[in-house]
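1. predicted coordinates and the sequence they were generated for:
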Amino acid sequence: MQKAVEIKSRNLTIRGMINTPDQVNGKLPTIIILHGFGGNKMGPHFMFVKFSKVLADLGFASVRFDFAGSGESDGEFINMTLSGELEDAENILEYVKSLDFVDVERIGVVGFSMGGAVASMLAGIHGKDIKSLCLWSPAGNMSEIVINDFIGQGYSEFLNNGYHEYDGLLIGKKFVEDIKKTDIYSIASEYRGDILLLHGSGDEVVSLNASEKYLETYGDKAKLTVIDGADHLFSRQSWKRELIEHSVDFFNQELIERE
């Protein structure tokens, strides 16, 4: 079953989707899915939709929202900040905990790209509420990516204009100032649960080094699985299938087999 929902976050309406099995018996293990920079709750080539349906078939609920300024949610992308998305994620977590079908002892989080950075910080701050964490190509080095790659040689013009256009999106000065002062890995390091890191060996946007640094940060709690040849968006069916299979196996072990 799929249901569209809305909640308030930072005085804005953010819009999302809940997927559950057709028959809900008792409390369900639930996965929160957080999208990346400029993305939305459907995911690249609908991979969050596919993942949600696979989870529902296996007895999980899932919840995925558009962050403010993205997708169908209120707000403008130029006003987006990492801290703002973290606050949205915190409000999503509180909403999920309030749902009557959710087993609050069995909540997992998946974050993709910049959403992986947000997910890692969310878990670092609210570890008591998050049983397990799965990060897809997590951009813990988001500051470097935005300043060096997205803006690059246009940085002086960016400072003068207060924004930079990248791939049809306006990157605002508040976003850059915010990520420069945010130590993503340090915040993430506070999480004490189990972590699965999934990263493509051919990722052209977020270097594999970013996941390797997460692995170093988390230590024995984490496992890194590299998907051979996969690009940042896991844009082949075989890569997407492997990504989802690893994620499902992880959450089955963490949230069902251990209950």
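-> Good, I have the coordinates.

2. correct me, but H199 touches A139?
-> No - at 10.7 Å, H199 does not count as touching A139 under the criterion of Cβ atoms under 8 Å. Placement of C-beta: from N, CA and C, glycine included.

3. anything in contact with each of those two?
-> 206, 210 (Cβ atoms under 8 Å, 6 or more residues apart in numbering).

4. how about the longest helix anywhere in the chain: buried residues?
-> Longest helix of the chain, by residue count under DSSP state H: helix 82-98. The neighbour-count check on helix 82-98 (16 or more other Cβ atoms under 10 Å) flags 82-93, 95-96 as buried.

5. got it, and stretch 197-209?
-> For stretch 197-209, a neighbour-count test (16+ other Cβ under 10 Å) marks 197-200, 203, 205-208 as buried.

6. show me the helices in the stretch 101-250 of the chain, by range?
-> Secondary structure of the stretch 101-250 of the chain (DSSP state H, counting those that start in this stretch): helices located at 114-125, 142-144, 155-161, 173-180, 184-188, 208-218, 237-251.

7. what helices or strands is the longest one leaning on?
-> When you say that, I think you mean helix 237-251. When contacts are defined as 3 or more Cβ pairs under 8 Å, 6 or more residues apart in numbering; DSSP states H and E, helix 237-251 packs onto helix 47-57, strand 132-136, strand 194-200, strand 222-227.

8. so, low pLDDT: which residues of the stretch 101-250 of the chain?
-> Across the stretch 101-250 of the chain, not a single residue meets the criterion (pLDDT under 70).

9. and if we set it to 90?
-> For the stretch 101-250 of the chain, the stretches flagged by pLDDT under 90 are 154.

10. about what we covered before: tell me the most buried of the helices and strands packed on helix 237-251?
-> strand 132-136 (a mean of 28; mean count of other Cβ atoms under 10 Å).

11. partner strands of that strand and their direction?
-> Strand pairing for strand 132-136, determined by DSSP bridges: strand 102-112 (parallel), strand 194-200 (parallel).

12. so which of the ones you listed comes closest to E157?
-> strand 102-112 (29.7 Å; Cβ to Cβ).
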